[in-house]
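S.K.: Pasting the sequence and the predicted model now:
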Amino acid sequence: MKRLLVLNLLSLFFILSSCGTSDQEENKALRESVIAVHDEVMPLMSKIKSMEAKAIKTAEDLEAMEDTDIQKVEELKALAYDLNQAYEGMFVWMRQYEREDGDRSPEEVKAYLEDQLLKVQVVNENITAALSKADELLEN
């Protein structure tokens, strides 16, 4: 009877251990996905600032002209704002992102990382959308 109890406890231990490893591997993969999204757009940060400065300069140049296209000036100012917001969004996300799991359970880590993946994807979308709009407005 004791032997059966010990075998059952050992079996339960191994099952739980293998589940934990699986959770850890899944969380590791999730963390890698979060960082991959970050790493995809991080190199674009200098381009964002460059495009923002170009949009502001172009808007100022247009305002100085006698035949000012007010709509174009407003579009450029809105673009500069959007570029700045996308830039700041990356740093806001980076400041709140926690690299360590701390005392969280594997389930809590998974939920946290899934949430962070969604947040960094929004940051990515904002950056790529702002740069796409900049390419469109500043190249014409």
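M.R.: Looks like it came in fine.
S.K.: Helix, strand or coil: sort out T68 for me.
M.R.: T68 falls in the coil class when you classify it by DSSP: H, G, I helix; E, B strand; the rest coil.
S.K.: If you could redo that for R99, that was the one I meant.
M.R.: Taking three-state DSSP as the rule, one finds R99 in the coil state.
S.K.: Then the one 5 residues further on?
M.R.: For R104, the assignment made with three-state DSSP gives coil.
S.K.: Return the set of buried residues in stretch 57-67.
M.R.: By 16 or more other C-beta atoms under 10 Å, the buried positions in stretch 57-67 come out as 58-59. (C-beta placed from N, C-alpha, C; glycine too.)
S.K.: ok, the residue nearest the centre of the chain to V41 distance?
M.R.: Among the residues of the chain, V120 comes closest to the average C-alpha position under C-alpha atoms, centre = their mean, at 1.9 Å. Separation of V120 from V41 (C-beta to C-beta, to the nearest Å): 9 Å.
S.K.: E108 too?
M.R.: Here the distance between E108 and V41 works out to 27 Å (C-beta to C-beta).
S.K.: And those two? Which one has more around it.
M.R.: Under the neighbour definition other C-beta atoms under 10 Å, E108 and V41 were set side by side, and V41 has more, 19 against 13.
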